[in-house]
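[1] Provided below are the primary sequence and the corresponding predicted coordinates.
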Amino acid sequence: MKKDLDPNKLKQLETRLANLSGSTLNREFLSWEELSKKESKFPDLYTPPKTAQVIAFPGKFKWALGVGGTTLLAAAASLSFVFFLKKSSSGADIPSEIAKGSAAAPPVFFSELLGEIQTSKGNNFLLHPGETVQIALKKGDKIRPGDRILTADNGSVDLDFENKTWIRVASASLVQLTDLKKSDFSAIQTIGIEKGKVLATVGKLKKDSVFQIVSGSYSTIVRGTTFSVSVDEGGKQTVSVREGSVEIKNNRQDSEEKSIYLESSKQVSVSSDKAEPVISLGPKEEKELKALHTQVDLARENKLYVEYSRLELIRLEDGTELHGVILGQSDTHLQFEGADGKIEIPIVKIVETEKIR
C-alpha cells in the first residue's frame with residue numbers, strides 16, 4: 001500500500017460514502033430497463049470488434065406461475081455462459097474472461113407486494129394460507145399473498161398497496177389475494193372473488209404490470225381505472241366501470257368467446273359462457289365508485305400532509321386541479337407529488353398554484 005493511502009482515512013471515507021446525501025435520496029434515477037433503451041450520446045467512442053470468436057454453452061430454463069389451481073406459463077428464457085477468446089503467444093485460442101451473461105433479457109427478481117388495512121368496518125376476519133383460524137382484522141394489519149378476507153354482512157375492508165392500488169372488499173364477501181408480487185420493473189396482483197364484491201381504484205401501472213380480478217372462468221384485467229366486480233350466489237358476475245377501461249376475458253381453454261372491452265360509465269354481466277349486452281353504468285354503482293374514488297384521494301392527501309406538513313393545489317390551463325405537494329422546480333417543469341405518485345408538470349401548462357393546508 002502507498003504511504004499516502006492511510007487505512008484510517010480510507011475507513012472514514014467509506015463511512016461517509018455509505019450515507020447518501022439528501023439531494024441523492026430525493027432524485028429518481030432511471031432503471032436498468034430504461035437505461036438499456038437509451039441511445040448512446042457518443043457512439044463514435046465505441047467501435048465493436050469486426051470479428052468475434054465465441055464459445056457458448058446454452059442452458060434453457062422455464063418457470064410457471066400457479067393461479068387458482070391452474071398452472072400458467074409465466075416465462076421462458078435461454079441463458080448462456082460465454083467465453084471470449086484471445087490468441088496465445090503460440091496463436092492458439094484460449095479463454096480470457098467470462099461475460100456477465102448473454103440472456104435475451106436480464107433476470108427479474110420478485111418480492112412480496114404488501115397491502116395494508118386502512119379501514120375495517122364491522123366484524124371482518126383474515127385467514128392465512130392453509131389455516132382455519134379466523135383473525136379479527138384491524139387497521140394497520142399487513143396482507144400477504146394467499147391471505148383471504150371474510151367480511152361481515154354489514155362490514156367492509158379497505159386495503160392500500162405499495163403501488164398506489166386500493167381495493168375495497170364489500171359486505172358479505174370472501175376474497176383471496178391470490179398473487180401479490182413486485183419487481184423493479186412491474187407488479188402483479190391477482191385477486192380472486194369466491195363470493196361478494198370488490199371495488200378497486202388502480203393508478204397508472206408500470207409497463208408489464210398486471211392487475212386482475214378473477215372469479216369462476218372470467219378475469220377482469222385493468223391498466224388504470226376505477227371499477228367493481230360482484231359475484232352473486234349463482235355465479236353471475238357484474239363488472240362496472242366508472243373511469244378508464246377493462247378487459248373481461250374467458251380463461252377456459254376451450255372457450256371461443258371473445259374478450260369484452262368495457263369503457264367508462266358502462267357495465268356488463270356474464271354467467272357461465274354467456275355475456276349479456278353492455279349497458280350504461282347503474283346509479284347505485286356510480287354512487288359507490290364515486291364515493292370510493294373521493295375517499296381514496298382524501299386518504300392519500302392526508303398521508304402527504306402528515307409527511308410534508310403542507311398541501312398545495314395546482315390548476316392547469318385545461319381546468320384540471322391537482323392536490324398534493326410541490327417538491328421542486330426546474331426551468332421547464334414543476335416536480336409534484338399527488339395522490340397517484342410523483343409527476344413532472346410543464347410550467348407553461350400551469351395557470352396558478354395555492355396553498356390549501
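    In hand now; what should we look at?
[2] count of residues packed around the residue lying closest to Lys121 once chain neighbours are set aside?
    Distances taken as Cβ to Cβ, 6 or more residues apart in numbering place Ser156 nearest to Lys121, at 5.0 Å, with adjacent residues excluded. All C-beta atoms are positioned from the backbone trio N, CA, C, and that covers glycine. Using other Cβ atoms under 10 Å, Ser156 is surrounded by 19 other residues.
[3] contacting residues around Ser156?
    Thr119, Ser120, Lys121, Gly122, Asn124, Arg168, Val169, Ala170, Ser171 (Cβ atoms under 8 Å, 6 or more residues apart in numbering).
[4] Please apply the same query to Gly122.
    Thr151, Ala152, Asp153, Asn154, Gly155, Ser156, Ser171.
[5] what about the closest residue to the fifth one other than its chain neighbours, distance to Thr320?
    Which is Gly155. Using Cβ to Cβ, 6+ apart and skipping residues adjacent in sequence, the residue nearest Gly155 is Gly122, 2.6 Å away. From Gly122 over to Thr320 the distance is 37 Å, taken as Cβ to Cβ, to the nearest Å.
[6] Mind telling me what element Lys11 is part of?
    helix 7-18 (DSSP states H and E).
[7] how about stretch 120-133 as CSV, C-alpha atoms only?
    C-alpha atoms of stretch 120-133 as CSV (Å, rounded to 0.1, in the frame of the first residue of the first chain):
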residue,chain,number,x,y,z
SER,A,120,-62.2,-2.3,8.8
LYS,A,121,-65.8,-1.7,9.5
GLY,A,122,-67.8,-4.5,11.2
ASN,A,123,-66.6,-7.9,12.2
ASN,A,124,-64.2,-8.9,9.5
PHE,A,125,-61.6,-11.7,9.5
LEU,A,126,-58.3,-12.7,8.0
LEU,A,127,-57.4,-16.3,7.1
HIS,A,128,-53.8,-17.2,6.4
PRO,A,129,-53.0,-19.9,3.7
GLY,A,130,-53.7,-23.4,4.9
GLU,A,131,-55.2,-22.2,8.2
THR,A,132,-58.7,-22.3,9.5
VAL,A,133,-58.3,-19.9,12.4
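[8] Flag every buried residue along that stretch.
    For stretch 120-133, burial by neighbour count (16 or more other Cβ atoms under 10 Å) applies to Ser120, Asn124, Phe125, Leu126, Leu127.
[9] Quick check: phi and psi at the residue nearest to the first one when sequence neighbours are not counted.
    Setting aside the residues directly before and after it, Ser120 is nearest to Leu137 in space (Cβ to Cβ, 6+ apart), at 4.5 Å. Comment: the main-chain dihedrals of Leu137 come out as phi -90, psi 140, following degrees, to the nearest 10.
[10] thinking again about what came up before, which pLDDT does the model give the residue nearest to Gly155?
    pLDDT recorded at Gly122 is 94.
[11] and what of Gly130?
    Per-residue pLDDT puts Gly130 at 88.
[12] got it, and Leu114?
    With respect to pLDDT, Leu114 scores 89.
[13] Report the spatially nearest residue to it, omitting neighbours in sequence.
    Computed as Cβ to Cβ, 6+ apart, the closest residue to Leu114 that is not its neighbour in sequence is Lys142, at 5.5 Å.
[14] Let me know how buried the one you found is, in neighbour terms.
    12.
[15] so what's it up against?
    Leu114, Gly115, Glu116, Ile117.
[16] biggest separation within those residues, which pair?
    Maximum pairwise distance among the contacts of Lys142 (Cβ to Cβ): 10.9 Å, between Leu114 and Ile117.
[17] shared neighbours of the two, anything?
    Shared contacts of Leu114 and Ile117, defined by Cβ under 8 Å, 6+ apart, comprise Lys142, Ile143.
[18] more neighbours, these two?
    Ile117 (19 against 15).
[19] how is this protein carved up into domains?
    Residue ranges for the domains of the chain, per automatic domain parsing: 7-98, 111-282, 310-355.
[20] Ok, which of those comes nearest Asp297?
    Closest to Asp297 of the domains of the chain, according to Cβ to Cβ: domain 310-355, at 4.9 Å.
[21] thinking again about what came up before, what comes up buried for the helix holding Lys11?
    Applying 16+ other Cβ under 10 Å to helix 7-18 flags no residue as buried.
[22] Please tell me how far it is from the chain's geometric centre.
    Centroid separation for helix 7-18 versus its chain: 38 Å, with Cα atoms, centre = their mean, to the nearest Å.
[23] CA atoms only for stretch 267-279, dumped as PDB, please.
    Output of stretch 267-279 as PDB, limited to C-alpha atoms (Å, rounded to 0.1, in the frame of the first residue of the first chain):
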ATOM      1  CA  GLN A 267     -71.300  -2.200 -17.100                       C
ATOM      2  CA  VAL A 268     -71.900  -5.800 -18.200                       C
ATOM      3  CA  SER A 269     -73.000  -9.100 -16.600                       C
ATOM      4  CA  VAL A 270     -71.600 -12.500 -17.500                       C
ATOM      5  CA  SER A 271     -72.600 -16.000 -16.400                       C
ATOM      6  CA  SER A 272     -71.100 -19.400 -17.400                       C
ATOM      7  CA  ASP A 273     -70.200 -18.800 -21.100                       C
ATOM      8  CA  LYS A 274     -72.700 -16.100 -21.900                       C
ATOM      9  CA  ALA A 275     -72.400 -12.400 -21.700                       C
ATOM     10  CA  GLU A 276     -75.300 -10.000 -21.500                       C
ATOM     11  CA  PRO A 277     -75.400  -6.800 -23.600                       C
ATOM     12  CA  VAL A 278     -73.300  -3.900 -22.300                       C
ATOM     13  CA  ILE A 279     -75.400  -1.200 -20.600                       C
END
